[in-house]
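Engineer: Give me a model of this one.
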Amino acid sequence: LRRGLEGPTEHIKVFQRYQPLISRQAERDVEQFLSEEHTFAEYEKETLKYKEISRELQYDFERVIPLGVFEVNCDEATRTLVKRVEAICTQLITRMTQENQKLNQEIRKCYEKIADTALTTPASTEHLMELKKAMDDAEQKDLPVLREKMTEARQRLEFLITW
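Structural biologist: I've put the predicted structure just below:
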């Protein structure tokens, strides 16, 4: 009988990797993570970490393990852990989407400001020269920064779409 108990006891060690999910510490960790300032790349890393855990649980984890006279059915435990991981990922992706929207709004506002300046009808030659200087400044300073931000926005969107 003792030898029969060794197998199930050994199998429990497999779950040690998922202890933060079992104890719900992972959920508290993510709440802490969400309460702090992070870059989009850090959100991606955190999200991909949990996505990998979900993949492991769904595809690499044995559902039924024969252990001598016992048979351990891990299906329900696995489903529960996957649901917890999916909830965590949903929280992270929701925050990423919100942050992405804010950043895109900032980009839009900058472009609108440039467009408003470009479409302003000058009241005098002096005003025309001021507008020309403003547009030269925008072309030299603002547009390169906005192009870089647009590239980052595209990369963020690609990540969110492929999720």
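Engineer: lowest-pLDDT helix or strand in the protein?
Structural biologist: The least trusted helix or strand in the chain, going by mean pLDDT, DSSP states H and E, turns out to be helix 2-12, with a mean of 64.
Engineer: Could you give me the buried positions within the next helix-or-strand element following it?
Structural biologist: Next in sequence after helix 2-12, counting helices and strands by DSSP states H and E, comes helix 19-22. By 16 or more other CB atoms under 10 Å, the buried positions in helix 19-22 come out as residue 21. Where C-beta positions appear, they are placed from N, C-alpha and C, glycine not excepted.
Engineer: tell me the mean pLDDT for helix 19-22?
Structural biologist: Averaged across helix 19-22, pLDDT comes to 93.
Engineer: same deal with stretch 110-126?
Structural biologist: Stretch 110-126 comes out at a mean pLDDT of 95.
Engineer: Let's see it as PDB, backbone CA atoms only.
Structural biologist: Extracted in PDB, the C-alpha atoms of stretch 110-126 (Å, rounded to 0.1, in the frame of the first residue of the first chain):
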ATOM      1  CA  CYS A 110      -0.600  65.800 -32.100                       C
ATOM      2  CA  TYR A 111      -1.500  65.200 -35.800                       C
ATOM      3  CA  GLU A 112      -4.700  67.300 -35.400                       C
ATOM      4  CA  LYS A 113      -2.700  70.100 -33.900                       C
ATOM      5  CA  ILE A 114      -0.300  70.000 -36.900                       C
ATOM      6  CA  ALA A 115      -3.300  69.800 -39.300                       C
ATOM      7  CA  ASP A 116      -5.000  72.800 -37.600                       C
ATOM      8  CA  THR A 117      -1.900  74.900 -38.000                       C
ATOM      9  CA  ALA A 118      -1.500  73.800 -41.600                       C
ATOM     10  CA  LEU A 119      -5.100  74.700 -42.500                       C
ATOM     11  CA  THR A 120      -5.100  78.000 -40.700                       C
ATOM     12  CA  THR A 121      -5.600  80.900 -43.100                       C
ATOM     13  CA  PRO A 122      -3.100  83.600 -42.300                       C
ATOM     14  CA  ALA A 123      -4.500  87.100 -41.500                       C
ATOM     15  CA  SER A 124      -1.300  88.800 -42.500                       C
ATOM     16  CA  THR A 125       2.200  88.300 -44.000                       C
ATOM     17  CA  GLU A 126       3.600  88.200 -40.400                       C
END
